[in-house]
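K.L.:
A predicted structure for the sequence below; I have some questions about it.
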Amino acid sequence: MEKKQKPYFPMFVNLSEQQILCIGGGTIAARRIRTLTRFTDHLIVMAPEICEEMRELLEQFPIMWIQKKLKAEEVIAIENGIHEKSAEINGCEKTDLNFQDIYMVLATTNDDELNHVIVKACKERGILVNTCDDKSQCDFYFPAVTEIDGIVIGLNSGGKDPKKVREVRQKIEKMKC
Ligand SMILES: C[C@@]1(CC(=O)O)c2cc3[nH]c(cc4nc(cc5[nH]c(cc(n2)[C@H]1CCC(=O)O)[C@@](C)(CC(=O)O)[C@@H]5CCC(=O)O)C(CC(=O)O)=C4CCC(=O)O)c(CCC(=O)O)c3CC(=O)O
Ligand SMILES: NC(=O)C1=CN([C@@H]2O[C@H](COP(=O)(O)OP(=O)(O)OC[C@H]3O[C@@H](n4cnc5c(N)ncnc54)[C@H](O)[C@@H]3O)[C@@H](O)[C@H]2O)C=CC1
């Protein structure tokens, strides 16, 4: 008998004191960082360039931007405890970033190969990792999130239909009033 894939359990996690590193600063990254600003002030974005929406988020929230194009060789060095010298950081002093302090990594670059290397390095170090281009490699899925009267609602279709997930989230938001 074929085994049916079970849905993922919606575990609600305290992220308020956890550092989250998002590698990539485009459309997907901005959408996810916007969601995460509700849950933690410890957000780091690493990307050589960021989109307009991310730029606006950097102005509104205490997000650290490390302006850097990550190289696959550097990611592999994560295994040895990579120590990043940050290039340019939004409103903050120059500082070292030690991946050992990172709780969760979001790989959101448009370089699928790099995303894959990031996933591998994180898994080796036991860091929770999500990549936007391949659901089979994710430790967890990024949910659509909304909130009604302080009740957080997270939605997920197990990667079957993200577009529908978005539509359901929008329907819920219309019901709010
Ligand atoms: C599995 C998952 C893993 C993860 O990334 O965590 C994943 C994977 C992938 N998504 C893809 C495509 C799209 N994703 C969206 C939208 C969202 N995707 C999100 C989550 C997830 N996406 C995870 C669980 C999904 C689930 O619940 O089923 C949301 C909920 C959260 C967020 O991203 O913030 C957000 C809605 C947020 C909101 O609106 O509230 C849209 C629609 C749109 O953008 O309008 C499209 C175009 C679809 C189309 O056009 O049909 C591709 C192909 C990429 C490619 O082209 O290569 C992959 C890769 C793959 O399937 O392997
Ligand atoms: N999971 C999801 O919901 C969806 C996922 N995707 C996937 O997400 C990927 C990214 O999509 P977008 O955000 O729209 O792309 P985008 O082109 O807007 O952004 C890509 C970002 O990655 C950064 N980047 C590229 N190389 C880098 C490196 N070496 N180091 C650090 N940052 C680097 C760029 O500077 C840019 O900020 C797509 O290639 C696609 O595979 C696409 C649609 C939906």
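P.N.:
Yep, that arrived. Ligands and ions are numbered 1, 2, ... in the order given.
K.L.:
ramachandran angles for the most centrally placed residue in the chain?
P.N.:
In the chain, the centroid-proximal residue (Cα atoms, centre = their mean) is residue 106; its distance is 3.3 Å. When quoted as degrees, to the nearest 10, the phi and psi of residue 106 stand at phi -110, psi 120.
K.L.:
how near is it to residue 4?
P.N.:
Look at residue 106 and residue 4: by Cβ to Cβ, to the nearest Å, they are 28 Å apart. Heads up, the C-betas are built off the backbone N, CA and C, glycines and all.
K.L.:
how about residue 110?
P.N.:
Using Cβ to Cβ, residue 110 is found at 33 Å from residue 4.
K.L.:
of the two, who's got more company?
P.N.:
Using other Cβ atoms under 10 Å as the criterion, residue 110 and residue 4 rank with residue 110 on top: 12 against 6.
K.L.:
ok, now which ones touch the closest residue to the more buried one other than its chain neighbours?
P.N.:
Counting by Cβ to Cβ, 6 or more residues apart in numbering, the nearest residue to residue 110 once its immediate chain neighbours are dropped is residue 26, at 6.6 Å. Listed by Cβ atoms under 8 Å, 6 or more residues apart in numbering, the contact set of residue 26 reads 47, 50-51, 54, 108-110.
K.L.:
which of those residues lies closest to residue 126?
P.N.:
Of all those, the one with the least separation from residue 126 (Cβ to Cβ) is residue 108, at 20.7 Å.
K.L.:
stretch 35-47: end-to-end distance?
P.N.:
Distance between the two ends of stretch 35-47: 18 Å, counting by Cα to Cα, to the nearest Å.
K.L.:
all further residue positions should be reported with the first residue as 236.
P.N.:
Sounds good: first residue 236 from here, last item stretch 270-282.
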